[in-house]
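Chemist: Here is the input, now give the coordinates:
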Amino acid sequence: MKKTAIFILILSFFASCKDEELKVKDDTRRVRTEVLHAEEIPKIVHGTGILSSKSQVKLSFKTGGVIRNIFFDEGQFVKKGQLMAQLNLSEIQAQVSQAHLAVDKATRDYHRAKNLYTDSVATLEQFQNATTAMEYAKSTANIADFNLAFSSIRAPASGKILKRIAEENEVIGAGYPVFLFGSTENDWVIRISVADKDVIKINYNDSANIQFDAYPGKLFNGRVTEIGTSSDPYTGTFEIEITLSETKENLASGFIGKVDIITSIKDKVVKIPVRSLVEADEKTASLFLLNENKAELHKAGIISITRDYILAIPDEKLKEGAIIITEGAGFVRNKAKVEVVK
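Modeler: Modelled structure (predicted):
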């Protein structure tokens, strides 16, 4: 904001140089004026966030063991279903073999018990126990088969390896992440945190403009797809998710983005030419209004600044139709008489 104030003062200085063309006549300053116009602009909510894939997951093994192979490095792209990493399967395959041998034995015991029960040699309880043992053995085998299948990591979708956490020959525990994976089949999103006074202004599908340091000067478009319904217990802010529109640019998870959300709530503002300013700071700007051929000093609250105009908060005097002194203001005193020239 300090740089902005300096910028305003520099523009005001050049405008005052032009004021020298307007000479004094009978102690009355000659000035040029403009009629102020009011307009409505959308409220903008600003924020900063980190870009990520909509679907960003940690991939891990279902069981623990020694990592035998890791086939991809950080930053590489994979296709859906590709084998990404695998444990040493010696121990797990042995457990699968044991489980299936147990099924074979339990099945034989079941048939034997069934035949004996049919011949009234075995009791009903013995037959039921053999049936239960067979079903239990089958369930154990299913668990072993499941663990074997998830002793390898396959890409759940086409995407990019954002981070490789483990290395080959490491002993890794069940559920410990090996990769941080981001799907490229889903959208890119950026999440920002806003205060409670701002979250109530935002609606679903509000448009947003995003700028990344990686692409200076380029504007990316997006829309609001999620609005937090409860505040962060530590910061008291609410999380807003913006989904980026499709782009051909090469984006990467972790980009820092500056976000401007264009809300549906309108602010009424007046446009003040920069050349009319006589003084300015971070929040206010001083200017002269024309009131019955006299210059009246007035302070305006600044909303935003463009190259040629300041957007200011309207008030009782600073409103649609008010007349502002644009040239000659640098040499006018408050309540001084002025003469308007074309």
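Chemist: use CA for all of it now, contacts and neighbours both
Modeler: OK.
Chemist: after the one helix or strand Y110 maps to comes which helix or strand?
Modeler: Assigned by DSSP states H and E, Y110 falls within helix 90-118. Next along the chain after helix 90-118, taking DSSP H and E as the criterion, comes helix 124-149.
Chemist: for that following helix, which positions count as buried?
Modeler: Neighbour-count burial for helix 124-149, counted by 16 or more other C-alpha atoms under 10 Å, picks out 127, 130-131, 133-134, 137-138, 140-141, 144-145, 147-148.
Chemist: for stretch 220-229, same thing?
Modeler: Quick answer for stretch 220-229 (16+ other C-alpha under 10 Å): 220-225, 227.
Chemist: Which ones among the residues you listed lie within strands?
Modeler: Using DSSP state E, the members of these that fall in strands are 220-225, 227.
Chemist: Out of these, which is nearest to T247?
Modeler: Nearest to T247 among these: F220, at 8.0 Å, using C-alpha to C-alpha.
Chemist: quick one: strands adjacent to the longest strand along the chain?
Modeler: Criterion DSSP E: the longest strand present in the chain is strand 256-273. Using DSSP bridges, the strands paired with strand 256-273 are strand 38-53 (antiparallel), strand 207-212 (antiparallel), strand 309-312 (antiparallel).
Chemist: hang on, D145 packs against V96?
Modeler: Yes - contact between D145 and V96 holds when scored by C-alpha atoms under 8 Å: they sit 6.2 Å apart.
Chemist: measure F71 to V171 for me?
Modeler: 17 Å (C-alpha to C-alpha, to the nearest Å).
Chemist: who's more crowded, those two?
Modeler: V171 (14 against 11; other C-alpha atoms under 10 Å).
Chemist: In contact with the closest residue to that one other than its chain neighbours, which residues?
Modeler: Spatial nearest neighbour of V171, excluding adjacent residues (C-alpha to C-alpha, 6 or more residues apart in numbering): V66 at 4.4 Å. Contact analysis of V66 by C-alpha atoms under 8 Å, 6 or more residues apart in numbering lists 87-88, 168-172.
Chemist: one more time with 10 Å
Modeler: Going by C-alpha atoms under 10 Å, 6 or more residues apart in numbering, V66 touches 86-91, 167-173.
Chemist: related to what we said a few turns ago, going by distance to S152, which of the buried residues of stretch 220-229 wins?
Modeler: For the buried residues of stretch 220-229, the residue nearest S152 by C-alpha to C-alpha is T225; the value is 34.4 Å.
Chemist: Listing partners with orientation, what would you give for the helix or strand harbouring K163?
Modeler: Assigned by DSSP H and E, K163 belongs to strand 159-164. Note on strand 159-164: by DSSP bridges, its sheet partners are strand 77-78 (antiparallel), strand 177-183 (antiparallel).
Chemist: before we move on, the earlier item: biggest separation within the buried residues of helix 124-149, which pair?
Modeler: F127 and L148 (31.9 Å).
Chemist: any residues touching stretch 89-97, and which ones?
Modeler: By C-alpha under 10 Å, 6+ apart, the list of residues contacting stretch 89-97 from outside reads 63-68, 98-103, 140-149, 151-152.
Chemist: Let's see that with 8 Å instead.
Modeler: 141, 144-145, 147-148, 151.
Chemist: Sketch out the low-pLDDT regions of this protein for me.
Modeler: Applying pLDDT under 70 to the chain flags residues 1-27, 184-186.
Chemist: what does the domain assignment say about it?
Modeler: 2-41+267-340, 45-54+187-265, 55-82+157-186, 90-150 (automatic domain parsing).
Chemist: re the thing from before, export the strands paired with strand 159-164 as JSON lines, with columns for mean neighbour count and distance to I44.
Modeler: As requested, the strands paired with strand 159-164 are exported to JSON lines (neighbours: other C-alpha atoms under 10 Å; distance: least, C-alpha to C-alpha, whole Å):
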{"stretch": "strand 77-78", "mean neighbour count": "19", "distance to I44": "37"}
{"stretch": "strand 177-183", "mean neighbour count": "22", "distance to I44": "30"}
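Chemist: The ones you listed: which one's closest to V259?
Modeler: Nearest to V259, of all the strands paired with strand 159-164, is strand 177-183, at 21.7 Å by C-alpha to C-alpha.
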